[in-house]
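*Asks:* sequence first, predicted coordinates after that:
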Amino acid sequence: MAYTPKYLDYNLSPYTGMTRQSWIDAGEFFLTGIFGNIKDFDDPVVMPRKETKVTYPHSPDAVWEFKAEYFEGLTRSFFIAAPLIHENPKLTINGYSIKDYYKSHVLRSCTIGDEQSVGRYEELVALSKDPNPFRAFQQTVETCALVICLWVCKEEIWDTYTKEEKDLIADFLLDYGKGNTVPQNWRLFNMLDLAFLDMEGYDIDHDIMKEHAQAVLAYYAGDGWYRDGHSFDYYSCWAFNVYAPIWNLWYGYEKEPYIAKKFEENSNELMKTYGDFFDEDGFVNMWGRSNIYRNAATSAFDGNLMLNSSVADPGLARRISSGALLQFVTREDFLYKGIPTLGFYGQFTPLVQGYSCAESPFWLGKAFLCLHFPADHPFWTAKENNGTWEKLAKNEVKETALEGPALCFSNHKANGETILRTGKVVKEKTDEHGMWNYSKLCFNTKYPWEAAPDNSVEAQQYVLCDVTTNTFEKANVTFWSGVKEDVLYRRQVFSYDLMTEEHWKQVMNLADFTVPYGIIRADKIRMMRRPITLTLGAYGFPDNGTTILEKEKDGAKAIILKGHDFTGREKQLAMTIFDGWDELSYIKSKGTNPDSENSIVVYAKTKRQKHNRYENYMLLSQVITKENLEDFTEEELFPIQEITYTDQEKCGGYGPVTITLWDESKKVIDFDGIEGRLLL
C-alpha cells in the first residue's frame, strides 16, 4: 500500500502541499507498517526479510549478527518514532504505546543477560571468534542513532529512567564510545556517544574525542564534502553533515570551538550547491553505496539548520525534503509487508550490500528528524521555493562542478532532471557492484542505474571486449580532470590495478558536455592492444510497453524509446551515434532495472581491427530524455551540424576537435594537457 498525503496546504507548500502535519502522518504510516509486524509488546523490531542471500544475518550460527539486527531495527525505527513521541507522548499504534515500547526495548538492549541484549564489545568478540584486535561491530553505528533519538525525545524517555537505568545505558554507550571503530564516517558515532554522555554529566575520555574529531575534520575535501574511505557519496550528507552539527550542539561549540567552527563552515559550504543535487521534483539520485537509505540524503538540510549560523534556505530545504519523501512513499512497490524494500523503489537485489539487514532501510528515518523542529521553526513556516529551478529559462542548463569531491551535476530545465557525473573513483576490477554504484558515466535522477543486462553491454558505461582473448573488461577507475570551456574531462581505465603500469592498460579519455535534454559525449580511445570491440549503453529504460523508433540523418543514427515507468509516468529516451561508431542497437532485459521488472538498454557498438594502426579515435554520441511523449525535434535528435578535426585523416588522433551545433554554438574538445591534471 502506498502513502497518500493528507493535511495538504498548497499556499504554504505550492510544490508538494506537504506540511508538518503531513510529515507526522507519514511517520505514523511507517510506524503502522513496523508495528503491524510486531505481534507482542516484548518482540523486537525484526521485520520480514524478502532477500536472504546478500543481507545479514548470513548464518543461523552468527549470533552476533542477530543481535546487531535487533539493535538496527530498534534504533533506526526510533529515528521515526522519537520525534513523534515528543510530539505526542500518548501515541498508540497497533495497540502499543510507542513511548513505552521504545523505553522498554532501549533498556533491554543495553542490559547484560536480557534475551534481547545486543551485546557488549567483549561478548561480541567471543561470539564471533574474530582474532582481529581492531574489529568493529554494527552496534557502534546504532549507538549513535540511539543517543540522537534519546535526545529528540529526552523528556519523554531518557528523563523518565531511574538513575540506575540511566547508568546502565550510559555504561553500555561508553563501552562503544571508547571502543574500536572504522576510520571513516564511523568515528562520528563514537563522538556522539561520548558527547551525549558528557552532556548528561558522565565522565568521558576527552583525548579519544579529540582524536576522532581531528580525523573527521581531516577527511574534508572541500565544497562541503568529506571523503568516506576512498569514495565520495551520500555518507558525506547523511553522516558527516548531520552528525557533525549535532556534535557541535552537544560538545563542539563549548569544548572544541575551532573544530566546531570548521564543521559549521563545511556544512554551510555544502548548502551553497546541495539544493542543485536534486531535480525539479526534489528527487534523489541513485548513486553510491547504501541506496536503500533513499531520502535520508535530505537530512543534511536538517543538520545545517541546527547550526548557530545556518545558511540553508528553509523553504527550499522543506520542498526538497518533501519531494524526496514523496519520490518513494507514494509508490505501490516501495513496501514489502509494510516495510521499505531492500531496493531503491521495489526490491532490487543488485544494489544491496552484505552489511545491510531487513531493517537497514529505516536509516531513511533520519529524514524525519526535521520533526524535532517546532511548528514555528522556519523549516515549517517558510513558503516552499524551488531554488534554481525557478530561475532557469525554458531550455537552460545550470552546471556545477566541484573540484574537491570531483562531482559535476547539471540541472536541465527542459526535462526537470539532474544529471551527475563523477570522478575520483577507485574500485577493485572484480567489484561489479561498486562500479554500478560509482563508475557509471552519468547518474540521472529519473533513470536510476541499471545492472548489466549481459557481459557485453551496460547502461551508461563502456564495455571492452579483447577479441584476441574473448574477455570483457569494465572501467573500475575514473580520474577527474575538471571542466574546461564547458567540457568535463575525465579518464577511465579498464581493469586497473597497481601491479600494471597504466601504459599497459586499455584507457578511454572522456569528454562530455550538456545539451538541454541530456549529454553529448566526445570520448577518445587510447587502446594499446587491438583488435577490440566497444559498447556504450544509454540509461536503462523501464519497459512497460515501449514504442521503439529508428531515425537517420547524414550518417548519424538514433533509436528512440517511448513508454512509461512503473508508476505510469511518461518516459522518452533517445540515443544518437555520430562519428566513430559502427552500429546502434538495443537489448531487452529482466530483473536489472530498479524501476521496472523489464527494461531496455539502447547501446552503440564499434570495432577496432588493426593493431598499431592510425584509425578513428573519437567516439561521438548523445543520450537525451523527456518526461513526456512529445516528439524530439530533428535538431534535438541530431544536434551536430559539423565536426572539424585537426588531423587530415579526420580520426581525432591529435589536436582539437571542434563540434558545431545547429544553434551555431561550438564546443572544442581538446585532450592536450589532461595527463597533468588527472586526480584521484
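*Replies:* Structure's in. What do you need? Numbers count the residues shown, from 1 in each chain.
*Asks:* enumerate every residue touching the nearest residue to residue 116 once chain neighbours are set aside.
*Replies:* In this structure, residue 116 finds its nearest non-sequential neighbour in residue 108, 4.7 Å apart by Cβ to Cβ, 6 or more residues apart in numbering. Heads up, the C-betas are built off the backbone N, CA and C, glycines and all. For residue 108, the contact set (Cβ atoms under 8 Å, 6 or more residues apart in numbering) comprises 114, 116, 117.
*Asks:* can you give me phi and psi for the nearest residue to residue 330 once chain neighbours are set aside?
*Replies:* With Cβ to Cβ, 6+ apart as the criterion, residue 330 has its nearest non-adjacent residue at 5.2 Å, and that residue is residue 2. Phi and psi for residue 2, reported as degrees, to the nearest 10, are phi -90, psi 160.
*Asks:* so how many other residues sit close to residue 2?
*Replies:* Number of residues near residue 2 (other Cβ atoms under 10 Å) recorded here: 13.
*Asks:* you'd agree it is up against residue 332?
*Replies:* Yes - Residue 2 is within contact range of residue 332, at 5.0 Å (criterion: Cβ atoms under 8 Å).
*Asks:* how is this structure carved up into domains?
*Replies:* In terms of domains, the chain is parsed into 20-390, 392-674 (source: automatic domain parsing).
*Asks:* want to throw those domains into CSV with distance to residue 9 and mean pLDDT?
*Replies:* Output for the domains of the chain, formatted as CSV (distance: least, Cβ to Cβ, whole Å; pLDDT from 0 to 100):
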stretch, distance to residue 9, mean pLDDT
domain 20-390, 8, 97
domain 392-674, 23, 97
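*Asks:* got CSV for those domains, with distance to residue 13 too?
*Replies:* Formatted as CSV, the domains of the chain follow (distance: least, Cβ to Cβ, whole Å):
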stretch, distance to residue 13
domain 20-390, 4
domain 392-674, 18
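*Asks:* relative to residue 14, which of those is closest?
*Replies:* Smallest distance to residue 14 across the domains of the chain (Cβ to Cβ): 5.6 Å, for domain 20-390.
*Asks:* any idea how far apart the tips of the closest one sit?
*Replies:* Using Cα to Cα, to the nearest Å, one end of domain 20-390 lies 23 Å from the other.
*Asks:* wait, a helix at residue 421?
*Replies:* No - according to DSSP: H, G, I helix; E, B strand; the rest coil, residue 421 belongs to no helix; its state is strand.
*Asks:* does it really touch residue 442, like I thought?
*Replies:* Yes - contact between residue 421 and residue 442 holds when scored by Cβ under 8 Å: they sit 5.7 Å apart.
*Asks:* who touches both of the two?
*Replies:* residue 519.
*Asks:* which one's more surrounded, the two?
*Replies:* residue 421 (25 against 22).
*Asks:* and the gap between the closest residue to that one other than its chain neighbours and residue 585?
*Replies:* Leaving aside its chain neighbours, residue 421 sits nearest to residue 408 (4.5 Å; criterion: Cβ to Cβ, 6+ apart). Applying Cβ to Cβ, to the nearest Å, the value for residue 408 to residue 585 is 29 Å.
*Asks:* cool, and residue 136?
*Replies:* In terms of Cβ to Cβ, residue 136 sits 48 Å off from residue 585.
*Asks:* before we move on, what about residue 115?
*Replies:* 58 Å.
*Asks:* okay, these two: which has more neighbours?
*Replies:* residue 585 (15 against 9).
*Asks:* nearest spatial neighbour of that one, chain-adjacent residues omitted?
*Replies:* Among residues not flanking residue 585 along the chain, residue 603 sits closest, at 6.2 Å (Cβ to Cβ, 6+ apart).
*Asks:* with residue 478 instead?
*Replies:* Excluding the flanking residues, the one nearest residue 478 by Cβ to Cβ, 6+ apart is residue 425, at 4.0 Å.
*Asks:* mind listing what that neighbour touches?
*Replies:* Contacts for residue 425 were tallied using Cβ under 8 Å, 6+ apart; they are 231, 438, 439, 476, 477, 478.
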